[in-house]
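A.B. asks: sequence and predicted structure, then a few things I'm wondering about:
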Amino acid sequence: MENIHNFEKAKKDFSAFQFNNFKKTDGNIILNSLEEKGYAIWLNGKGNICIRTTLEGEYKELTITKASLVLSNLLAQQVKIETTKSFDETKGEENTIHISELLLVDDEVFNIEETQEFYKKDGSWYLNTFKPSKYLMLSVNLYKEPKTILQLIFHLVNYDQARFEYFLNWLASFFQTLDKSQVAILFKGVQGAGKGTFFKIIQRLFGEVYCKEINGDSLKSNYLGSFIEDTLFVNFDEISYQTIGKSSFNNFLKALITNDSITAEKKNIDLKKSTKLYAQTILFSNAESPIEIEPSDRRFTVFTTGNNLVNTNFLGYGSYLKLEQAIMNELEDFALYLKSYAVNFEQANMVFNTPEKDAMMDKSENSLYQFANAIMSKNFQYFQILQMRDIVFYNEFVKHLAQNKFKQKHLILAFRMLNPYDRTIRSSRILLKHLEEIDPYIFGESNVHKSNGEKFYHLTY
């Protein structure tokens, strides 16, 4: 089997990660006081003083004079940062920090390989902007079986044991190594099946700041690099290639899954510098065919979820609040479960082929599915060709679509204008039957509304 990736993964141990290790020595009383209070101070390459008052907070970049005033206020005593005297001359001055006692930090780097916040490499000091979550920092230990979370995952894969084991292996592989898989997983299914609830678990495990949820509006931004930079998990929520265009989205998605880096624009940042990619990719959708999958694809695994959690009485917990509370109570046990999982790293980088994926590969080029998805995503560009066929009809059609509705009788007219050589759809009845099979919530009889004698469908979000 062709394979260019090394599946012998090195597990990462963040249990001894050093936070706030900004001190060069223990000999300065002021620096010791700052450390005790959870503050940090260092010198940057511009000659300014950086002061941070909380571990999670942003630091302030100050001149030496202003930094002295801030420190005096924080410690309720006069503090001086000395630059003119030598270090030997300031020894014994309890309220003084000599500039040479501060770390000179050359740059800020998101570095998942280091186990220190401030670290030295090739003679220079760096500030590591990656800080592992408390769950990543756990040491392998005894745990109780996280039954509720495992039950939720079992529901997400529609109670298929092989899929359940595949997904746990895929997730545990990343949790143990932070080396992203070459495979993304698409969960498609009805709204309320637990997809969003599961992503809350992901956010807690890996740290909310490192888990990004990307929707259609986000992908229209010119600064995609900002969305994926310094990220451990990306969730494409209710995305389809119709949202921003087939080729642009597909190429971006492929690169995100398999590339080590990508050139994606960031605000006020030179494009010559590529963005390092760390993120594991997951996709959630209620649509039948949300992305385009090529026949030779080795990037996507497609699973269908179980039904709305209401139908299972929220997995037996009676309410969503009780289910969520049970999940949150199991987070530490689930983290230990993943850390202890006997991972097959090669399998974590191989697709799990399913009938749903085969169907999507068949449907991605099908004119009927393109038509249905263009309506559901309000892809006005798709319908522009109607202008050349019948401008009056086009204006009325897009006007209604902009209002989140469309006439039933307009469907067959629009489809025939767009697909004049398609002989498979011979009547409105056949078209409506096929559209209802694609999405019964949008094209089903229950979504038909009458107005002034006309039948309308309403788009719901």
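C.D. replies: Looks like it came in fine.
A.B. asks: quick one, phi psi at Leu336?
C.D. replies: For Leu336, the backbone dihedrals (degrees, to the nearest 10) come out as phi -70, psi -40.
A.B. asks: roughly how far apart are it and Asn21?
C.D. replies: To Asn21, Leu336 is 26 Å away according to Cβ to Cβ, to the nearest Å. Bear in mind the C-beta positions are built from the backbone N, C-alpha and C, glycine included.
A.B. asks: per-residue pLDDT of the nearest residue to Gly306 once chain neighbours are set aside, please?
C.D. replies: For Gly306, ignoring the flanking residues on the chain, the nearest one in space by Cβ to Cβ, 6 or more residues apart in numbering is His155 at 4.3 Å. Note on His155: pLDDT of 97.
A.B. asks: and for His155, the neighbour number?
C.D. replies: 21 (other Cβ atoms under 10 Å).
A.B. asks: so it sits against Asn308, correct?
C.D. replies: No - between His155 and Asn308 there is no contact under Cβ atoms under 8 Å: 10.3 Å.
A.B. asks: tell me, what's touching the two both at once?
C.D. replies: Common contacts of His155 and Asn308, defined by Cβ atoms under 8 Å, 6 or more residues apart in numbering, comprise Ala193.
A.B. asks: how far away is the residue nearest to Ser124 when sequence neighbours are not counted from Glu454?
C.D. replies: Excluding its sequence neighbours, the residue lying closest to Ser124 (Cβ to Cβ, 6+ apart) is Asp106, at 4.1 Å. Note on Asp106: its distance to Glu454, by Cβ to Cβ, is 68 Å.
A.B. asks: have a look at these two and say which one is more surrounded.
C.D. replies: Shown here are Asp106 and Glu454; by other Cβ under 10 Å, Asp106 has more neighbours (16 against 11).
A.B. asks: any idea of the mean pLDDT in the helix or strand hosting the more buried one?
C.D. replies: Asp106 is part of strand 104-109 when elements are defined by DSSP states H and E. For strand 104-109, mean pLDDT is 96.
A.B. asks: could I get the very next helix or strand once past that strand in PDB with only the CA atoms?
C.D. replies: The helix or strand immediately downstream of strand 104-109 is strand 118-121, counting by DSSP H and E. The C-alpha trace of strand 118-121 is given here as PDB (Å, rounded to 0.1, in the frame of the first residue of the first chain):
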ATOM      1  CA  PHE A 118       9.500  30.100  27.900                       C
ATOM      2  CA  TYR A 119      12.100  28.000  26.100                       C
ATOM      3  CA  LYS A 120      15.600  28.400  24.700                       C
ATOM      4  CA  LYS A 121      16.600  27.200  21.300                       C
END
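A.B. asks: mind listing what's buried along strand 118-121?
C.D. replies: 118-119 (16 or more other Cβ atoms under 10 Å).
A.B. asks: output the contacting helices and strands for that strand.
C.D. replies: Applying 3 or more Cβ pairs under 8 Å, 6 or more residues apart in numbering; DSSP states H and E, we find strand 118-121 packed against strand 124-128.
A.B. asks: so which bits of the strand it packs on are buried?
C.D. replies: Using 16+ other Cβ under 10 Å as the test for burial, strand 124-128 gives 125-128.
A.B. asks: any chance of these in TSV, with pLDDT and distance to Lys134 too?
C.D. replies: Compiled in TSV, the buried residues of strand 124-128 are given as follows (pLDDT from 0 to 100; distance: Cβ to Cβ, whole Å):
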residue	pLDDT	distance to Lys134
Trp125	97	26
Tyr126	98	23
Leu127	97	21
Asn128	97	17
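A.B. asks: closest to Ile239 among those?
C.D. replies: Ile239 has its nearest neighbour among those in Asn128, at 31.4 Å by Cβ to Cβ.
A.B. asks: ok, back up a step: which one's more surrounded, Leu336 and Asn21?
C.D. replies: Taking neighbours as other Cβ under 10 Å, Leu336 and Asn21 compare with Leu336 leading, 19 against 15.
A.B. asks: can you pull the contacts of the more buried one?
C.D. replies: 138, 140-143.
A.B. asks: re earlier: may I have the strands that pair with the strand holding Asp106, each with its orientation?
C.D. replies: Using DSSP bridges, the strands paired with strand 104-109 are strand 40-44 (parallel), strand 124-128 (parallel).
A.B. asks: mind putting the ones you listed in JSON lines, distance to Lys399 included?
C.D. replies: Output for these, formatted as JSON lines (distance: least, Cβ to Cβ, whole Å):
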{"stretch": "strand 40-44", "distance to Lys399": "56"}
{"stretch": "strand 124-128", "distance to Lys399": "54"}
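A.B. asks: closest one to Glu114 among these?
C.D. replies: Of all the strands paired with strand 104-109, strand 124-128 comes closest under Cβ to Cβ, at 5.2 Å.
A.B. asks: next SSE after that closest one?
C.D. replies: The helix or strand immediately downstream of strand 124-128 is helix 147-156, counting by DSSP H and E.
A.B. asks: give me the contact list for that next one.
C.D. replies: Residues from elsewhere that reach helix 147-156 (Cβ under 8 Å, 6+ apart): 164, 167-168, 187, 193-195, 197-198, 201, 303, 305-306, 309, 312, 315, 317, 323, 326-327, 330-331, 334, 337.
A.B. asks: nearest residue to Thr305 in space, please, no chain neighbours.
C.D. replies: Closest residue to Thr305 apart from its sequence neighbours, by Cβ to Cβ, 6+ apart: Gly189 at 3.0 Å.
A.B. asks: same question for Ser33.
C.D. replies: Leu75 (5.7 Å).
A.B. asks: show me what contacts that neighbour?
C.D. replies: If a contact means Cβ under 8 Å, 6+ apart, then Leu75 has 30, 33-34, 37 as its contacts.
A.B. asks: swap the cut-off to 10 Å and go again
C.D. replies: Contacts for Leu75 (Cβ atoms under 10 Å, 6 or more residues apart in numbering) come out as 30, 33-34, 37, 39, 95.
A.B. asks: then Glu454?
C.D. replies: So Glu454 contacts 407-410 (Cβ under 10 Å, 6+ apart).
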